[in-house]
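>>> have a look at this prediction, sequence included:
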Amino acid sequence: MLKNKLISAGLVAAGLLLSAAASAQVYVGGTVGKAKWNNDCSGTSTCSTNANTYKLLGGYNINNTFAVEGSYYSLGTIDASYRDATTSATGSLKAKAFELAGIAKYDFTNELTGFAKLGVASVKAEGSASANVAGLGSFAGSGSTTSTQPVFGLGLTYKLTKELALRGEFETRKVKFGDDKSAVNNLSVGLQYAF
């Protein structure tokens, strides 16, 4: 299933690039940022719910007000550990996704544009855990869950040149792993280039 999604994303990206020569409406970009996972850290010795993120995106401006955008992003990795006199355990969770979204834009000035995003993402969460219990030995396991989740976002672009713009955005989405769902908020900055 993931292979089919990768092939589909590749075809979409290739189509966007091929149409770029014929239309100034196509743009590509990338961002980096920080994500805050809303996970419960109670009962752990250490717990990290902040992660580094990145995103690669491509879009098409339908007109001055609306665009469609596809992206691939990583929400990074969070981890936790537990230790007492007889037990030590560690666990980690990471997520990545493909997303398709509609963008509504508003020009505040000739250079500054605000946007709101509503989309859907195919999110793959992968988790692993290991433990060592005195008298019982070591245990380890891993798994993954793929789910379809809504994505919401707000952002700004600021034109540096006719083609190049700074991009900043806040996004929120859910990540499902097994029966658990975590809300993940992401703040990112990057560049966007219009052909």
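Perfect, I can see it now.

>>> low-confidence ranges in the chain?
Counting by pLDDT under 70, the chain contains low-confidence residues at 1-24.

>>> so who does the residue nearest to residue 181 when sequence neighbours are not counted touch?
Distances taken as CB to CB, 6 or more residues apart in numbering put residue 174 closest to residue 181, at 5.1 Å, once the chain neighbours are dropped. All C-beta atoms are positioned from the backbone trio N, CA, C, and that covers glycine. By CB atoms under 8 Å, 6 or more residues apart in numbering, the contact list for residue 174 reads 123, 147, 149-150, 181-184.

>>> CSV please, covering those residues and showing neighbour count, secondary structure and distance to residue 58.
What follows is the contacts of residue 174, written out as CSV (neighbours: other CB atoms under 10 Å; DSSP: H, G, I helix; E, B strand; the rest coil; distance: CB to CB, whole Å):
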residue, neighbour count, secondary structure, distance to residue 58
123, 24, strand, 19
147, 16, strand, 23
149, 18, strand, 20
150, 12, strand, 20
181, 15, strand, 28
182, 19, strand, 27
183, 12, strand, 26
184, 25, strand, 22
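
>>> same list, the residues you listed, but as a markdown table with distance to residue 193 please.
As requested, the contacts of residue 174 are exported to a markdown table (distance: CB to CB, whole Å):
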| residue | distance to residue 193 |
| --- | --- |
| 123 | 26 |
| 147 | 32 |
| 149 | 28 |
| 150 | 28 |
| 181 | 35 |
| 182 | 32 |
| 183 | 31 |
| 184 | 27 |
